[in-house]
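Asks: Return atomic coordinates for the entry below.
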Amino acid sequence: MRALRSHTLLTAYCLTTDAFSSKSFTTRPADPLHGLVSPTSKYLDCLTTRACAPSSPSSLFSSEPTAPESDTASAKYVVARGDGSTGGGGVPMKPKQTFDTQQQRVEIEEDKLVRPKVGAEMPKGRPSWFHVPAPSQSADSRYQQVKDSLSTLSLHTVCEQAQCPNIGECWNGGTGTIMLLGDTCTRGCMFCAVKTDGKPPEPDPFEPFKTAEAVAQWGVDYIVLTSVDRDDIPDGGAQHFATTVELLKHRKPSLLVECLVSDFQGDPASVATLATSGLDVYAHNVETVERLQKYVRDSRAGYWQSIGTLEHAKKVQPGLYTKTSLMLGLGETDEEVIQTMRDLRSVDVDVVTFGQYLRPTENHLSVVEYVSPEKFEYFKKVGEELGFKYVASGPLVRSSYKAGEFYLTHMINKEREERMAAQGDGEN
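Replies: Prediction:
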């Protein structure tokens, strides 16, 4: 029956021409928890922060740091290359303009706040903590098996399209984050390496079936599905996602499915379509703090629109886990990051991740600063104190990150077992 229903839903999706609902999530809610005042970029700052530019992106990955012959050589190397602690800094925010009692225009400083900008100065070099496992080159490795299965079925992954630095770790572990609805986005966020076009090709109607087949081959217990933004499709691709989830659950009912999706332009009907499809984790990234939204994201995105979709997902499916992610290093303040966490907890978001923004090309926003591991650890501690069920926070953490999947799998299964046990006790 589920397979038949999935086929019916897919047919309905291909034929639908309904317009978006006029109701959307765009404004800040009135909530006593709101006090003072966004990937998680998944991208490599490719050639611009290294004195010795690698000949290809693959050479950015290293199993081990390069070992100089002596302490003197090491010191000279650091001086020449830089360690990311100098340079950058972003650009100052424009002063606010207001009027005094004589109606004269007065400029007010914004406490020296900064923002990112394309072409701004980059930090010099990169900190020592940016080392990731290299993808395996062995023909019989799990990395190659994942790559081959994706190629055979003509599937895309955000791991490749967004130049994720963790591709070696995840693919060597036998899984990738599948990107549905094609590889071309209708939006143009200033941090994102995925290609854009106002009129992308039509989605492959067989993609949900191909995805289910690929995931079955991988034999994983947790899978993340994501997509480009598809504002050209009436429901934003929500039914396409829902069909994929149903097919995955039909192939393996115990599989945990996370969907990292767009804001569906704030359309509550599209959010509900996916939230009630049987998925386990509804993820949508706010990407950055409220002040920096217009500098970082496409103008069609919005801070409260994003938070509204997360709130609505849990409203229509109360047992659903909700998750979001933020990039750091774009000029945000500690207070703004903490306020964002408060805003997310006010709508009962369960999981938040923090990672360092890394510039994919010179045509994207420059890094304002490299945030230290200690600062990431601080935000993790604050998030846990605010009540998030899980906080992943570190320079190389990304919203769809294998290490986080292990924890979420354990947490979700444990909580469901506890609920079932409690229901059993109640019946007795």
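Asks: Tell me which residues are up against the host helix or strand of residue 381.
Replies: Here residue 381 sits within helix 373-386, counting by DSSP states H and E. Helix 373-386 is contacted from outside by 129, 328, 334, 337-338, 341-342, 345, 352, 354, 391-395, 397, using Cβ atoms under 8 Å, 6 or more residues apart in numbering. Just so you know, the C-beta spots here come from the backbone N, C-alpha and C atoms, and that holds for glycine as well.
Asks: Could you rerun that using 6 Å?
Replies: For helix 373-386, contacts defined as Cβ atoms under 6 Å, 6 or more residues apart in numbering pick out 129, 337, 338, 341, 345, 352, 354, 391, 393, 394.
Asks: Now the fifth one: closest residue in space that isn't a chain neighbour?
Replies: Looking back up the chat, that one is residue 345. residue 386 (5.1 Å; Cβ to Cβ, 6 or more residues apart in numbering).
Asks: And residue 200, how close does it get to residue 231?
Replies: Using Cβ to Cβ, to the nearest Å, residue 200 is found at 10 Å from residue 231.
Asks: before we move on, back to that, confidence score at the residue nearest to residue 345?
Replies: As predicted, residue 386 sits at a pLDDT of 98.
Asks: one step back: are any of the contacts of helix 373-386 buried, and which?
Replies: Listed as buried from these are 337, 338, 341, 345, 352, 354, 391, 393, 394; burial here means 16 or more other Cβ atoms under 10 Å.
Asks: Same list (those) but as TSV, adding secondary structure and pLDDT.
Replies: Converted to TSV, the buried ones among the contacts of helix 373-386 look like this (DSSP: H, G, I helix; E, B strand; the rest coil; pLDDT from 0 to 100):
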residue	secondary structure	pLDDT
337	helix	97
338	helix	97
341	helix	98
345	helix	98
352	strand	96
354	strand	95
391	strand	94
393	strand	93
394	coil	90
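Asks: Looking at those residues, which one is closest to residue 259?
Replies: Checking these against residue 259 by Cβ to Cβ gives residue 352 as the nearest, at 16.7 Å.
Asks: okay, now residue 418: neighbour count?
Replies: 10 (other Cβ atoms under 10 Å).
Asks: can you check residue 267 too?
Replies: Each residue near residue 267 was counted by other Cβ under 10 Å, and the total is 23.
Asks: quick one: it and residue 233, what's the gap?
Replies: 11 Å.
Asks: now residue 351
Replies: In terms of Cβ to Cβ, residue 351 sits 27 Å off from residue 233.
Asks: Compare these two (neighbour count), which wins?
Replies: Legend: neighbour count by other Cβ under 10 Å for residue 351 and residue 233, higher for residue 351 (24 against 21).
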